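Colleague: no sequence on hand, only this structure:
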DNA sequence: GCTTATCCGACTGGTCAGGTAGGATTTAAA
DNA sequence: TTTAAATCCTACCTGACCAGTCGGATAAGC
């Protein structure tokens, strides 16, 4: 399994928030019921999203959560990264300050870390897919507008 | 972490076998030492590769393992799939007999499984990266021929 | 002050990754 | 024919982490 249900639940949460037309906050309880997910568990996940500045929270009665930015400006790379703590394809991969990935494996005397090329490509593919998908797009998809069209046209 | 070290170790194993010019079998002990990996653990991994018909084995003294096919005809999708039991991005994804992926999540009355589009794209990216890389290519990379060029040209 | 909600930390049960151990079996070579 | 080198096989262990629960503290609206 590439990702855990943390990503699954969290993405669904973001989409639910994105479906809210006005800026009114939505309570976790409402989302948990409509998506049929455990409320107590969602609290942990939404905390991660809040720490990553992806959602805003309003406490107290009639409180809840809202997207911190317009749905079209939040891509799934941010979301998934906030939920799963790391999405590097392999342990020896770490993000550098400049945003590039690299393999910390030493060059074994006579030849290089053979898997570096492979994991670089995989990570590239994943990042492209994640960063190329926004909350807004998933909302439209969920509402049925683009449904079959988008699926068929997935490159 | 997208993949576990099973994939990492297994891929390195395949590359080591691919580096062998003639058809002579290589013992696990040799590979384990040259890659500095635990022998007993590798035995489990190579068993999976053998079950998937990716390597052949020869028992007894001077035995060992060989690639079951030419290195250029083994792609990483097969290898990783054999090692990790499933590489679906999410639990609700399963391979159909026709090779397509689908999400077993029910359409929740008013709207579809919102994450389906996302995971489909992610899986597409991963599959493309894996199936587009062969053992032969990694061998060449490891030996330093294409090194910096291939990394820079990763699409 | 009651209700509604977010927040926070601790705890749990299960699964799996990562690795070890011991032995059985096969084969080539001495 | 013994011996050594190798694959093969099964069982076991340990720690981490996922998924989820629980109890309570805090904050805001009515």
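Modeller: Everything's here; your move. Predicted model, so just to flag it, every value in this text is computed and none were measured.
Colleague: where does pLDDT dip in chain A?
Modeller: Where chain A drops to pLDDT under 70, the residues are A:94-112, A:145-155.
Colleague: what does it have sitting close to DNA strand C?
Modeller: A:27-29, A:40, A:43-44, A:46-47, A:50, A:57-65, A:91 (C-beta under 7 Å from any atom of the strand). In short, each C-beta sits where N, CA and C put it, glycine included.
Colleague: among those, name the buried ones.
Modeller: A:28, A:46, A:64, A:65 (16 or more other C-beta atoms under 10 Å in any protein chain shown).
Colleague: just those residues that are near chain B?
Modeller: Residues of these in contact with chain B (C-beta under 8 Å from any C-beta of the partner chain): none.
Colleague: between the residues you listed, which is nearest residue B:74?
Modeller: Nearest to residue B:74 out of these is residue A:46 (C-beta to C-beta; 43.9 Å).
Colleague: now do the contacts for the closest one.
Modeller: A:10, A:13, A:28, A:55, A:57, A:65 (C-beta atoms under 8 Å, 6 or more residues apart in numbering or on different chains).
Colleague: out of the residues you listed, which sit inside helices?
Modeller: Members of these lying in helices (criterion: DSSP state H): A:10, A:13, A:28.
Colleague: give the closest residue to the last one in space, chain neighbours not counted.
Modeller: The spatial neighbour of residue A:28 that comes closest, neighbours along the chain excluded (C-beta to C-beta, 6 or more residues apart in numbering or on different chains), is residue A:42 at 5.4 Å.
Colleague: what sits against residue A:8?
Modeller: Contacts of residue A:8 were listed using C-beta under 8 Å, 6+ apart, and they are B:90, B:91, B:92, B:115.
Colleague: residue A:134 now?
Modeller: By C-beta under 8 Å, 6+ apart, the contact set of residue A:134 is A:71, A:72, A:73, A:74, A:75, A:76.
Colleague: apply 7 Å and report the result again.
Modeller: A:71, A:72, A:74, A:75 (C-beta atoms under 7 Å, 6 or more residues apart in numbering or on different chains).
Colleague: and for residue A:115?
Modeller: Residues in contact with residue A:115 (C-beta under 7 Å, 6+ apart) are B:8, B:11, B:12.
Colleague: same check, this time on residue A:19
Modeller: Taking C-beta under 7 Å, 6+ apart, one finds residue A:139 in contact with residue A:19.
Colleague: thinking again about what came up before, out of the contacts of residue A:115, the closest to residue A:130 would be?
Modeller: Here the nearest of the contacts of residue A:115 to residue A:130, counting by C-beta to C-beta, is residue B:8; it sits at 21.8 Å.
Colleague: surely that closest one is within a strand?
Modeller: No. Under DSSP: H, G, I helix; E, B strand; the rest coil, residue B:8 sits outside any strand and is assigned helix.
Colleague: TSV for the buried ones among the residues of chain A next to DNA strand C, including distance to residue B:83?
Modeller: Below are these laid out as TSV (distance: C-beta to C-beta, whole Å):
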residue	distance to residue B:83
A:28	38
A:46	35
A:64	44
A:65	39
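Colleague: ok, the residue in chain A positioned nearest to chain B to residue B:12 distance?
Modeller: The nearest approach of chain A to chain B comes at residue A:125, 3.0 Å away (C-beta to the nearest C-beta). As judged by C-beta to C-beta, to the nearest Å, residue A:125 and residue B:12 stand 21 Å apart.
Colleague: still on that earlier bit, in the contacts of residue A:46, find the pair that's most separated.
Modeller: Across the contacts of residue A:46 (C-beta to C-beta), the longest gap, 14.8 Å, separates A:10 and A:57.
Colleague: hang on, the earlier thing: touching, the residue nearest to residue A:28 and residue A:27? I think so.
Modeller: No. The criterion here is C-beta atoms under 7 Å, and residue A:42 misses it with residue A:27 at 10.7 Å.
Colleague: residue A:31: neighbour count?
Modeller: By other C-beta atoms under 10 Å in any protein chain shown, 23 other residues sit near residue A:31.
Colleague: residues touching it, list them.
Modeller: A:13, A:16.
Colleague: quick check: phi and psi at it.
Modeller: As for residue A:31, its main-chain torsions (degrees, to the nearest 10) stand at phi -70, psi -40.
Colleague: residue ranges for the helices of chain A, please.
Modeller: A:5-19, A:28-35, A:39-51, A:76-83, A:116-131, A:135-142, A:147-152.
Colleague: okay then, goodbye and thanks.
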